[in-house]
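# Next one to model:
(4 chains)
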There are 2 protein chains.
Amino acid sequence: MPTEPPLPPEAAGAPEATRGRRPSTTRADVARAAFGLFDRQGFDETTVDEIAAAVGISRRTFFRYFESKRDVVWGEFDVELVRLRDRLAEAPDREPLLDVLRRSVVATNRFGAGELDELRTRMVLINTVPELVAHAAVRYEAWCAVVAAFAARRLDASPDDLGPQTVARAALGVAMAAFARWAGGAADDLSDEVDRAFRLLATGFDEARLRT
Amino acid sequence: MPTEPPLPPEAAGAPEATRGRRPSTTRADVARAAFGLFDRQGFDETTVDEIAAAVGISRRTFFRYFESKRDVVWGEFDVELVRLRDRLAEAPDREPLLDVLRRSVVATNRFGAGELDELRTRMVLINTVPELVAHAAVRYEAWCAVVAAFAARRLDASPDDLGPQTVARAALGVAMAAFARWAGGAADDLSDEVDRAFRLLATGFDEARLRT
DNA sequence: TCCCATTTTGACATCAAGTGCAGGAAATGG
DNA sequence: CCATTTCCTGCACTTGATGTCAAAATGGGA
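Below you'll find the model as predicted:
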């Protein structure tokens, strides 16, 4: 038991001397097939059996690649979370708390033109399908934990204190608002929208500025 | 089709001359039985069959009283939401946006000593059981919609604009933080904690004030 | 080359949440 | 006693998710 026990297939980057039978597909392939079906017939109307059939694996094997049907939508979220944590940790101590947060969140969510379409599809699903809206909360908790930990460090407090907790959840809130607006087509540039959202937060929602 | 079609039993207050067979139990009774089981064996470990058996109804009937097992936890949330909307609507136009919000949320969540225990149980479940954490997001969306509508009115904007959306989600965030801390035992007085959370938000999370 | 350890896969069984439907049971008014 | 209304129930069915166990594939060593 030297390494990770329940890590999904192809998690390690090195395709070195693999010992046993090799995986018949990849998470990415499964996700691709799933997205195709989601696009055509919707999330709820797509059964796990259909996805599995589309990739040529059994239903049981699907659940070895993804813990649940919902998780298909969340691609590399875990990785991005680590990147956010690192960015927050690297920020200079003198920079104001919310500035660091704003810069880091914006930076973490810069995507190439090629990724934007898929990201939008994902975000639309996440903000639209009730089951995914619900499940998102679980993922966002991890995000909050990262931000709360950072705020706690900055404020010399415990992550469970009111300060870090409110900062984290409020930050999550404004970020969600920005993302939802971008996914819904109400905003053109994701980075801009996130930036504006965090600036509003930093003003304490000053009514004069809110009207702009 | 004059009134509501899918309204749960005992929704109307007047127990007047009821025509057909009368309901064999009430939502409150079902909820009570369910909470008892949740307390003893946990939410996931309690099946709908068990709850139904405890109240002496069939599994099928349970789903006529509650849309899902999750919904049992959410008691009178819809009613409280209406109260919040009314309170927000009644606030004087001169009072600052966040002050109205703070006052209204605090006022809406004043509970008598008798209700606090049950409320705490509920909140612990909602913040603890993954399935309920997830489902809470769906309920909170309705809350956000109410707040966003209020903010939009105040700012003479659309509820979908960035201002109202960020205000609503940030407000939700700080409120959740306060509630979670109270439910977890980190705060003694719910109203106080909510009040403090909103005051932090109104300062734009000024670092000096955050350290208190 | 043959066997073994390792890893993935698949078939099967099982459980629990929901849902649609058809019919039965209780209550009221005539 | 009958008609009507309302509620309850049992059953079949779909779907997501999980446990178990044996078979298939693959590399390493004797």
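
# count of neighbours near A:A208?
When neighbours are defined as other CB atoms under 10 Å in any protein chain shown, A:A208 has 7 of them. In short, each C-beta sits where N, CA and C put it, glycine included.

# Which pLDDT value belongs to it?
A:A208 carries a pLDDT value of 78.

# Could you do A:K69 as well?
Listed pLDDT for A:K69 reads 98.

# From the structure, what's the count of residues near it?
A:K69 has 20 neighbouring residues, counting by other CB under 10 Å.

# Next, give phi and psi for it.
phi -60, psi -40 (degrees, to the nearest 10).

# How about stretch A:56-74 and DNA strand C, touching?
Yes. When contact is scored as CB under 7 Å from any atom of the strand, part of stretch A:56-74 falls within range of DNA strand C: A:G56, A:I57, A:S58, A:R59, A:R60, A:T61, A:R64, A:Y65.

# May I ask which of these has the most neighbours?
Greatest neighbour count in the residues of stretch A:56-74 next to DNA strand C, by other CB under 10 Å, goes to A:Y65: 23 neighbours.

# related to what we said a few turns ago, out of the residues of stretch A:56-74 next to DNA strand C, list just those in helices.
Among these, the members found in helices (DSSP state H) are A:R59, A:R60, A:T61, A:R64, A:Y65.

# Can you add distance to B:G75 and pLDDT and give those back as JSON lines?
JSON lines is the format used below for these (distance: CB to CB, whole Å; pLDDT from 0 to 100):
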{"residue": "A:R59", "distance to B:G75": "38", "pLDDT": "97"}
{"residue": "A:R60", "distance to B:G75": "39", "pLDDT": "97"}
{"residue": "A:T61", "distance to B:G75": "42", "pLDDT": "98"}
{"residue": "A:R64", "distance to B:G75": "39", "pLDDT": "97"}
{"residue": "A:Y65", "distance to B:G75": "39", "pLDDT": "97"}
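
# Turn the residues you listed into JSON lines, including distance to A:A52.
As requested, these are exported to JSON lines (distance: CB to CB, whole Å):
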{"residue": "A:R59", "distance to A:A52": "5"}
{"residue": "A:R60", "distance to A:A52": "8"}
{"residue": "A:T61", "distance to A:A52": "7"}
{"residue": "A:R64", "distance to A:A52": "11"}
{"residue": "A:Y65", "distance to A:A52": "9"}
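
# ok, and the closest non-adjacent residue to A:R169?
B:G173 (3.2 Å; CB to CB, 6 or more residues apart in numbering or on different chains).

# Now do stretch A:163-174: distance to the chain's middle.
Centre-to-centre, stretch A:163-174 and its host chain are 16 Å apart (CA atoms, centre = their mean, to the nearest Å).

# CA atoms only for that stretch - export them in CSV, please.
The C-alpha atoms that make up stretch A:163-174 are tabulated as CSV, following Å, rounded to 0.1, in the frame of the first residue of the first chain:
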residue,chain,number,x,y,z
GLY,A,163,-14.1,36.1,9.5
PRO,A,164,-12.5,33.4,7.3
GLN,A,165,-15.8,31.7,6.8
THR,A,166,-17.7,34.7,5.7
VAL,A,167,-14.9,35.8,3.4
ALA,A,168,-14.8,32.4,1.8
ARG,A,169,-18.5,32.0,1.3
ALA,A,170,-19.0,35.5,0.1
ALA,A,171,-16.1,35.1,-2.3
LEU,A,172,-17.7,31.9,-3.6
GLY,A,173,-21.0,33.7,-4.0
VAL,A,174,-19.7,36.5,-6.1
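
# Show me which positions of that stretch end up buried.
A:G163, A:P164, A:Q165, A:T166, A:V167, A:A168, A:R169, A:A170, A:A171, A:L172, A:G173, A:V174 (16 or more other CB atoms under 10 Å in any protein chain shown).

# does any part of stretch A:103-121 sit near chain B?
No. Residues of stretch A:103-121 are not located near chain B by CB under 8 Å from any CB of the partner chain, the shortest gap being 13.3 Å.

# where does chain A have low pLDDT?
Residue ranges of chain A with pLDDT under 70: A:1-17, A:212.

# near DNA strand D, which residues of it?
A:17-22, A:46-49, A:59-60, A:63, A:67-70.

# Which of those residues fall within helices?
A:V48, A:D49, A:R59, A:R60, A:F63.

# Distance to chain B for the residues you listed - can I get that in TSV?
Shown next, in TSV, are these (distance: CB to the nearest CB, whole Å):
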residue	distance to chain B
A:V48	18
A:D49	23
A:R59	22
A:R60	22
A:F63	17
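
# Of all the residues in chain A, which one is nearest DNA strand C?
A:G20 (2.2 Å; CB to the nearest atom of the strand).

# Can you give me the neighbour number for that residue?
5.

# now do A:F150
Residues near A:F150, counting by other CB under 10 Å: 25.

# Dump the residues of stretch A:56-74 next to DNA strand C to JSON lines, plus distance to B:A186.
Output for the residues of stretch A:56-74 next to DNA strand C, formatted as JSON lines (distance: CB to CB, whole Å):
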{"residue": "A:G56", "distance to B:A186": "51"}
{"residue": "A:I57", "distance to B:A186": "46"}
{"residue": "A:S58", "distance to B:A186": "47"}
{"residue": "A:R59", "distance to B:A186": "43"}
{"residue": "A:R60", "distance to B:A186": "43"}
{"residue": "A:T61", "distance to B:A186": "44"}
{"residue": "A:R64", "distance to B:A186": "39"}
{"residue": "A:Y65", "distance to B:A186": "39"}
